[in-house]
Structure formats: structure tokens, C-alpha cells
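1. what's the 3D shape of this:
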Amino acid sequence: MILVFCFLGCRQQENRNNTSQAVAEEPDSAESVRFARGFQISKTSEGITLIRVLQPWPGADRPFEYALVPKEAFQKGLVDNKQYDAVIEVPVERVVVTSTTHIPALEALGVADRLVGFPGTDYISSENTRGRIESGEVANLGNNEMMNTEMTLSIRPDLVVGFGIAARNKAYETLIRSGIPVVYNGDWTEQTPLGKAEWIKFFAPFFQLEERADSLFDSIVASYTNARELAGRVQQIPVVMSGALYKDIWYAPGGDSWAAEFIRDANGSYLWDDTEDTGSLSLSLESVLSRAKEADIWISPSQFTSYGEMEGANPHYKEFRAFRDRKVYTYALCKGETGGLTFFELGPNRPDLILRDLIHIFHPEILPDHEPTFFKPLQ
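-> Here you go, the predicted structure:
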């Protein structure tokens, strides 16, 4: 982190020496980013918001820096465009986003009506946004890697919020050359539940809604913390397994992953908690059976929705006690109108709801009246 900031400081100093219109880089106030590790926000004395995205995708070799300039300052030309990866006039009136995880943030901030395009609209589950898609207010722009640039240009967005897995994206490059700002959102690289949810603060400055984002996130933190504390008082801790076979490989969350942290915070004993992987583990059926055969609870069995479906896919699933005792819970039953899974759309934005689901499963006596949002018993 220190090296990154040194690099940025040197680059900014060079730019200041070469232009009379550069913005003062020392922030007079810093926004509080408490849990997320992938972005930072600060504000200059001129009222310009600076957003640094430190990790838009795993292994990114540099941070991306964006300047958000209020309309009156933008018209005065106070910012040197060459100094930043993008300069955006705010508030943004017309936006294109590229991941379903971006949709709940727009809706929570009350700016869903500013969404004008999305690549692959069938993946969107939100009823509100689906209504706008069907009425023609949100254009289908193809898919993220092969976005239809002609259509995107025709709907005249003020901003495209990109989702990237590598440095090159020809569609984004074409949009940038055509004068459309593209900014990268890296919410998916965060490794903690509250870190993912805090990316609502990334979206807020583009619409000048920082106070609303702070309030929304604070309520999520309070809800999550309260639930975790309730679960922590329970003495009886269930043993939890997760994942399922894909072909011959059993994929399960690593011990340092987002999913594993949920299990810990719900006061469950995750069987692979001792691993250090932040993504998925690749395991053999034999190794899983030796460790998880007597597990109390089984969550997230891939996309399976019923016991019959699982047994038909592989009869060895019957060897697990959680399967025989009907203690398997899935997020795959909660789907939008076109088949998208709400767990992957809304879940990263509302970790408190996921945690309460798991606590209800692990310790039903704590939240006896809880109505599950994502995790439901396998049929």
C-alpha cells in the first residue's frame, strides 16, 4: 500500500509541475471507508471527489483514479483530464452498469431511474428494474465482454461503470475514445461481507448522495453486528459443510473466503475453516466424505434445488448425514422472473440478510420468526 501511494504521489507531483490547471491533490477531508479494501475516497479543497480503485480485478498492476467534478467546476475546466483515468461531471443523469451487484446499490440510493443500459438484462432479478427493462427504459447492450458499443453510444450515457477481470476490454476502450467515461468497480474482489456491502459508498458520489450512502451502510453494519452478537451467545455450535461436485471435483469455500466468514459469524463450525484460500477449494469426493460425512448442516450445494435432483446426479450424496437428516439448505430456490439468482445480485449488498438466514438455520431458537431471504430448505 505504501508503494502504491508513493507511486501515485510522484505521478501527481509531475502532473502538477506540467499544468497550471491541476487540482490540489491534498484532500481537505477524507471519507470513511471502514471495511472495504479495494477503494478509497477523498475530497479536495475545490470540492472535487477523488476515487481510487486499488484492485479492480485480482492481480491488477496499478490503481485507477477518478475525479468527480461538480457541474459548475467542470464548466470552468479546473481539472486536467490527463491526470486521471476518467473525469466525470456530477451528478450523473444517465448511467450504464455492467454487473447485477450494481443494481441494488442504485435502487437503495434512489437513482434506479438513471439506469439506461445493461449488458445481459436477462440476468437482472430486481422487479423494479425488470419493469423498466420491459418498458424499454433500460437497453440490453449484449454482454459484458462483447458489449454493443454502437448501441451504448446511441443511448448517450454520462458514465459506464465497468466490471473487469483483466486489463484489456475492447468495448470499454472504444467507449473511452468516443468520450464516454468508464470507471471500474471491484466490489467482487472484496473478501469480507461488510467490505462488499460498503461499495455503495463508491456509487454515491457519482450522484452526490454520500450522506444517504453513509446512513444506509451504517444501518447494514448495525443489523449485521447485532445478529453476529446474538449468534455468539449460543454454546451449541453445529458442524457445517458446503459445496457439491462439479464433474469429479468438489468445490467448497476456502477458509478465508467471504462465504466462510458468514459461517463463522453465524457461529457455525466450518469444516474447512483451517484453510487459507480466499476463493474455492478443489476437493475429491473421498476427502470430503472422510471429513464431512457426519456434518450437522449442509449449505450451498451448488445449484441443486431438491433431494431427488441431488441423488439423481450422484448417489454418494446419500452417504452424508446432513442429506439423510434433510438438513441441506440452498440459495438456488430464490430466483428472479428470468431465472437470475437473487443471492448473487442482492446478497453482496445485504450481508445482514444472509447472516440472519444462516443464524436461523444454525440456531433457530435465536430468530424463530425470521423469514428466509436467500437460504431455504432443499425441496
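
2. ok, which stretches of the stretch 101-250 of the chain are helices?
-> 102-109, 127-134, 149-154, 170-177, 193-197, 200-203, 210-232 (DSSP state H, counting those that start in this stretch).

3. please convert the ones you listed to a markdown table, extending it with distance to Gly254, mean neighbour count and mean pLDDT.
-> Any C-beta I mention is one placed from the backbone N, CA and C, and that applies to glycine too. Below are the helices of the stretch 101-250 of the chain laid out as a markdown table (distance: least, C-beta to C-beta, whole Å; neighbours: other C-beta atoms under 10 Å; pLDDT from 0 to 100):
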| stretch | distance to Gly254 | mean neighbour count | mean pLDDT |
| --- | --- | --- | --- |
| helix 102-109 | 25 | 22 | 98 |
| helix 127-134 | 32 | 16 | 96 |
| helix 149-154 | 36 | 15 | 96 |
| helix 170-177 | 30 | 16 | 93 |
| helix 193-197 | 15 | 23 | 97 |
| helix 200-203 | 25 | 23 | 98 |
| helix 210-232 | 21 | 16 | 97 |
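
4. so can I have CSV of the ones you listed showing distance to Val69?
-> Below are these laid out as CSV (distance: least, C-beta to C-beta, whole Å):
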stretch, distance to Val69
helix 102-109, 19
helix 127-134, 28
helix 149-154, 22
helix 170-177, 17
helix 193-197, 27
helix 200-203, 17
helix 210-232, 15
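
5. among the ones you listed, which comes closest to Trp57?
-> helix 170-177 (12.6 Å; C-beta to C-beta).

6. list the helices and strands the closest one packs on?
-> With contacts taken as 3 or more C-beta pairs under 8 Å, 6 or more residues apart in numbering; DSSP states H and E, helix 170-177 sits against helix 149-154, strand 159-162, strand 182-184.

7. how far does the longest one sit from the chain's center?
-> A distance of 26 Å separates the C-alpha centroid of helix 149-154 from that of its chain, computed with C-alpha atoms, centre = their mean, to the nearest Å.

8. packing partners for it?
-> By 3+ C-beta pairs under 8 Å, 6+ apart, helix 149-154 packs against helix 170-177.

9. can you check the second one too?
-> Identification of packing neighbours for strand 159-162 by 3+ C-beta pairs under 8 Å, 6+ apart yields strand 95-97, helix 170-177, strand 182-184.

10. which one of the ones you listed lies nearest to Arg156?
-> Across these, closest to Arg156 is strand 95-97 (C-beta to C-beta), at 10.1 Å.

11. what helices or strands is that closest one leaning on?
-> Applying 3+ C-beta pairs under 8 Å, 6+ apart, we find strand 95-97 packed against helix 102-109, strand 115-118, strand 159-162.

12. re the thing from before, TSV for the helices and strands packed on strand 159-162, including distance to Arg52?
-> Formatted as TSV, the helices and strands packed on strand 159-162 follow (distance: least, C-beta to C-beta, whole Å):
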stretch	distance to Arg52
strand 95-97	20
helix 170-177	18
strand 182-184	11
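
13. to Trp298, which of the ones you listed lies closest?
-> strand 95-97 (34.1 Å).

14. distance to Ser215 added to the helices and strands packed on helix 170-177, as TSV?
-> Listed next are the helices and strands packed on helix 170-177 as TSV, based on distance: least, C-beta to C-beta, whole Å:
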stretch	distance to Ser215
helix 149-154	33
strand 159-162	22
strand 182-184	23
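
15. follow-up on the earlier one: which stretch among the helices and strands packed on strand 159-162 comes nearest Gln40?
-> Across those, closest to Gln40 is strand 182-184 (C-beta to C-beta), at 13.8 Å.

16. let me see the mean pLDDT of that closest one.
-> On average, the pLDDT along strand 182-184 is 96.

17. what's it in contact with?
-> The contact list for strand 182-184 (C-beta atoms under 8 Å, 6 or more residues apart in numbering) reads 51, 53, 56-57, 64, 66, 85-86, 88, 159-164, 172, 175-176.

18. switch to 7 Å and redo it
-> 53, 56, 64, 66, 86, 159-162, 164, 172, 175-176 (C-beta atoms under 7 Å, 6 or more residues apart in numbering).

19. buried members of those into ChimeraX, please.
-> In ChimeraX, this line selects whichever of those come out buried by 16 or more other C-beta atoms under 10 Å:
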select :53,56,64,66,86,159,160,161,162,164,172,175,176
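
20. show me what contacts Val328?
-> Per C-beta under 7 Å, 6+ apart, neighbours of Val328: Trp298, Pro301, Ala322, Leu378.

21. could you double-check that Phe323 sits in contact with Tyr317?
-> Yes: counting by C-beta atoms under 7 Å, Phe323 touches Tyr317, with 5.2 Å between them.

22. just to revisit the earlier point, wait, which of the helices and strands packed on strand 95-97 is closest to Lys327?
-> helix 102-109 (29.7 Å).

23. give me the helices and strands touching the closest one, please.
-> helix 200-203, helix 210-232 (3 or more C-beta pairs under 7 Å, 6 or more residues apart in numbering; DSSP states H and E).

24. distance to Asn140 added to the ones you listed, as CSV?
-> CSV is the format used below for these (distance: least, C-beta to C-beta, whole Å):
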stretch, distance to Asn140
helix 200-203, 22
helix 210-232, 28
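
25. circling back: closest to Leu353 out of the helices and strands packed on strand 159-162?
-> Closest among the helices and strands packed on strand 159-162, using C-beta to C-beta: strand 95-97, at 21.3 Å.
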